[in-house]
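**Student:** here is my input, please return the structure:
(chains A and B)
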Amino acid sequence: MAVAGLDLTVEARECFGLLGPNGAGKTTTIEILEGLTAPDSGEVEVLGMRWTRGTGESRALRERLGIQLQDTQLADKLTVEETVRLFRSFYRSAHSVEEVLALVELEEKRTSWVGKLSGGQKQRLAVACALVSRPELLFLDEPTTGLDPQSRRQLWEVIGRFRAAGGTVLLTTHYMEEAERLCDRVAIMDHGKIIALGSPRSLIASLGAEHVVEFALADGSGRPVAPATEELAALPGVRAVRPAVDRIALTVEEVHRAVPALLALLEGRGAELSLLATHHATLEDVFVSLTGRQLRDE
Amino acid sequence: MSDHPLVQLSLARMREFYREPEAIFWVFGFPIVLAFALGIAFRNRGPGELRVAVQQGSGDSAVAATLARAPGLSAVVLDSSQARLQLRTGRLALLVVPGETVVYRFDSTRTESRLARLEADEALQRSRGRVDPARVTEERVTEPGSRYIDFLIPGLLGMNLMGSGLWGVGFSVVQARTKKLLKRFMATPMRRSDYLLSFVLSRLVFLFVEVAALVGFGWWMFHVGVRGSLGAVAGITVLGSLSFAGLGMLVASRARTIEAVSGLMNLVMLPMWILSGTFFSYARFPDAMQPFVKALPLTALNDALRAVMIDGSSLARLGAPLGIVAAWGLVSFVVALRIFRWR
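**Tutor:** Numbering: from 1, shown residues only, chains lettered A, B, ... in the order given. Here you go, the predicted structure:
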C-alpha cells in the first residue's frame, strides 16, 4: 500500500505542497485526487465534485482541472504549437495557443519540434498543456525535478502568474526551497502518511528555534573528546541536538550566544573543528527532526 | 471544425507518421521495391535454353548437331563421367547416349528435364525421317493477367494493408502508453472513442496514398491493370485497412513495451505472410489446411483483391471473403475496446 489514511483539505486559491522523499506516496496521492488512480477506500472531493459519480461528472470535472504528470513524454515529432493545439481541442473553453505560449514564455519555440526542446522548455510545455484549459485547479507532480536552477526559477514564475490570476495549485516536490518559496501550506509525507501539516513558517517554528548550527570534529581528535549530547543541549540558546553520521546539528535560538559557548566547550576538550556552519532552519530540518533521515538521498 | 479533438488527434497521428522517414519507406517504398525486384526476377521470359549433353561415342557429333538445331536446346559432347556429374548437379537437363538404341538419361521429377526429353526426342525422330500425320500451327499469347506480376501486385497490396494497419496502430498505441502520453490524455476530458477513431481516420488518408502508389507503380512498370472497377478496389482496401487497424488495436490493447508488441505483431503476421497466398498460391498447401488458410483475414483480402483486379469480379460476388475480413476487424475491435489498457 503506497498511501494510507490520508486526510487533507486544500483551500481555494492556495498553493498546497506535498513534500517528501521519493517513494513517500506523493504521486499516488496526487493521482488519486486527479481521478487517475482509484483509491481502495475513502472519499475524494475536488471542486465540489466526485470521480465516482459517472463519466458525465468526471468529464465536467476534467474541464476544470489542469494536470501535469511526472513522467509524460510528449510526442517528439510534433511542434510546440501543434502539441498545445491538440490539448486545447479536448476542452470546451480554452486559452488560445498564443495566450498559453505567452504564459509559459515559449513563443519563440512555437514552431520547434518538442524533441528539440531543452528539459526546462519541455517542462514548461507540459505546464502549458495543463494551463491551456484555463483550469481552476492546477496539479503539478514534481514540476522542477531534474531542471537547472534557471529553468526552475522560470517555472516558479509561471506558477506565480497562475496564482496571481486566482488559481489554486497542488504540487508535489522533494525540493524544500521550492516548497518554502511557492507553498502557502505543505504536508510532509513519509511512508504513505502525512507526518506534518502547516505553513512552511509554522512548521519551521515548530522546531522551537530558527537557526541550525552544524559542526564536525577533525578525524585526529578522536571520539572521546566529543561532548555528550546532554552537554550540548545545556549550552545557552540550544533547543535540540541531532547527531548525524558525519556531523552534529544543533537547533538554536540565538546563534551569537550558542556558537561562542560551543567553541569554548570544544576548546576546553582540545577538540579540533573540521566543519562549522550555520543556516536558517528549513523544512529539510523539520523533516530530519521528524524522521531522523535526510530528505534527499544524497 | 478543425479544432475538433478527432481532427486534431488525426492530424497528430499523420504528422508523427510522415515526419518519420523510416516509416515512409516501409509503408510506401518497400512494397514498390519488392514489386520491382520480384517483377524483374520472375518476368515471363519462357523456359530459356535447356542444356543437353551427348555422351562421347560413335555418332555423337551428328546427334549433337541435330539437337543443337532444335529450338530451345543447346547441346554439348561430354565424356561419360563428366556428363553424369553435370546431370547429377543439375547443370544438364538431359543426357543422350547415342547408339543402336538411343538412351535418354534424366530426372523425371524435373520439369525442364522432361521438357528437354520431349524436344530432344522430337528433333531426333524427325531427323531420322518421322512424319507427323496431323498438321498443326502455333499461336503464342502473353496476356497481362496471367503473369506472375499480375498475381503478385494484389498480394503485395494485401500484405501492405496488413503491415501498415498493424504497425501503424499497434506501434503508436504502445508508444503512447510507454511514454505515459495515454495516461496524460486520460487526464483531459478527451473521449476515448475520439482517440481510437483518430487511428482509423489517419489510416484512411494514408491508405489512399499507399494503394495509389502500388497500383500506379504496377501499371506504369509492368502494365498490371485493374480489370474490375477501381471503386471496388477502393472499397475492398478500405475494408481491409479498417479490419487490420482493428487487429492492430487488439494486438496493442494490453502490451506495455515496444518489444512485447513487436513480438505479438510478428506472431500475428508471420503465418499470414506464409500462408495467405501473397507470393505464391495457397492452393499448394495440403487440403487439410485449406479451411484454416481461407479463414485468415489476409487470405480473404488477397482473394477479393485478385478477384477484382485479375478476374474483374464485382463486389456483389465477393460476399464470402469480404465477410471474413469484416468479421475479423469487428471482433478484434470490440475485444480490444473491452480489454484496452488506458494507462
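**Student:** show me where the stretch 51-200 of chain A has helices.
**Tutor:** A:55-62, A:80-88, A:97-103, A:119-131, A:149-164, A:176-182, A:200-205 (DSSP state H, counting those that start in this stretch).
**Student:** looking at those helices, which is closest to residue B:285?
**Tutor:** Closest of the helices of the stretch 51-200 of chain A to residue B:285 is helix A:80-88, at 47.0 Å (criterion: Cβ to Cβ). From N, CA and C alone the C-beta is placed, and that goes for glycine too.
**Student:** show me the contacts for residue 3.
**Tutor:** Since you didn't name a chain, this refers to chain A. A:25, A:28, A:29, A:32, A:192, A:193 (Cβ atoms under 8 Å, 6 or more residues apart in numbering or on different chains).
**Student:** hm, I was asking about chain B
**Tutor:** A:85, A:88, A:89.
**Student:** low-confidence regions, the chain specifically.
**Tutor:** Answering for chain A, as no chain was given. Filtered on pLDDT under 70, chain A yields the residue ranges A:1-2, A:219-226, A:295-298.
**Student:** switch to chain B, please.
**Tutor:** B:1, B:44-48, B:141-145.
**Student:** pull the CA atoms of the helix or strand residue B:30 falls within into CSV?
**Tutor:** Using DSSP states H and E, residue B:30 falls within helix B:30-41. In CSV, the C-alpha atoms belonging to helix B:30-41 read as follows (Å, rounded to 0.1, in the frame of the first residue of the first chain):
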residue,chain,number,x,y,z
PHE,B,30,9.3,-1.1,-49.6
PRO,B,31,6.3,-2.7,-51.4
ILE,B,32,7.3,-0.9,-54.6
VAL,B,33,10.9,-2.1,-54.3
LEU,B,34,9.6,-5.6,-53.6
ALA,B,35,7.2,-5.5,-56.6
PHE,B,36,10.0,-4.2,-58.8
ALA,B,37,12.5,-6.9,-57.7
LEU,B,38,10.1,-9.8,-57.9
GLY,B,39,8.6,-8.5,-61.2
ILE,B,40,12.0,-8.4,-62.7
ALA,B,41,13.1,-11.7,-61.3
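**Student:** packing partners of that helix?
**Tutor:** The helices and strands touching helix B:30-41, judged by 3 or more Cβ pairs under 8 Å, 6 or more residues apart in numbering or on different chains; DSSP states H and E, are helix B:148-178, helix B:192-222.
**Student:** give me every residue in the stretch 51-200 of chain B lying close to chain A.
**Tutor:** By Cβ under 8 Å from any Cβ of the partner chain, the residues of the stretch 51-200 of chain B that approach chain A are B:179, B:180, B:181, B:183, B:184, B:185, B:186, B:187, B:188, B:189, B:190.
**Student:** what residue is smack in the middle of chain A?
**Tutor:** residue A:173 (2.9 Å; Cα atoms, centre = their mean).
**Student:** now it: how far from residue A:179?
**Tutor:** Here residue A:173 is placed at a distance of 6 Å from residue A:179 (Cβ to Cβ, to the nearest Å).
**Student:** common neighbours of these two, please.
**Tutor:** By Cβ under 8 Å, 6+ apart, residue A:173 and residue A:179 have these common neighbours: A:17, A:19.
**Student:** quick one: furthest residue from the center of chain B?
**Tutor:** residue B:58 (51.1 Å).
**Student:** what about it, distance to chain A?
**Tutor:** 79 Å (Cβ to the nearest Cβ, to the nearest Å).
**Student:** quick one: contacts for that residue?
**Tutor:** Neighbouring residues of residue B:58 by Cβ under 8 Å, 6+ apart: B:98, B:99.
**Student:** and what about it, helix, strand or coil?
**Tutor:** Put simply, residue B:58 is coil when judged by DSSP: H, G, I helix; E, B strand; the rest coil.
**Student:** could the residues of the stretch 51-200 of chain B next to chain A go into JSON lines alongside secondary structure and neighbour count?
**Tutor:** Shown next, in JSON lines, are these (DSSP: H, G, I helix; E, B strand; the rest coil; neighbours: other Cβ atoms under 10 Å in any protein chain shown):
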{"residue": "B:179", "secondary structure": "coil", "neighbour count": "16"}
{"residue": "B:180", "secondary structure": "coil", "neighbour count": "17"}
{"residue": "B:181", "secondary structure": "helix", "neighbour count": "17"}
{"residue": "B:183", "secondary structure": "helix", "neighbour count": "19"}
{"residue": "B:184", "secondary structure": "helix", "neighbour count": "24"}
{"residue": "B:185", "secondary structure": "helix", "neighbour count": "22"}
{"residue": "B:186", "secondary structure": "helix", "neighbour count": "19"}
{"residue": "B:187", "secondary structure": "coil", "neighbour count": "23"}
{"residue": "B:188", "secondary structure": "coil", "neighbour count": "24"}
{"residue": "B:189", "secondary structure": "coil", "neighbour count": "19"}
{"residue": "B:190", "secondary structure": "coil", "neighbour count": "22"}
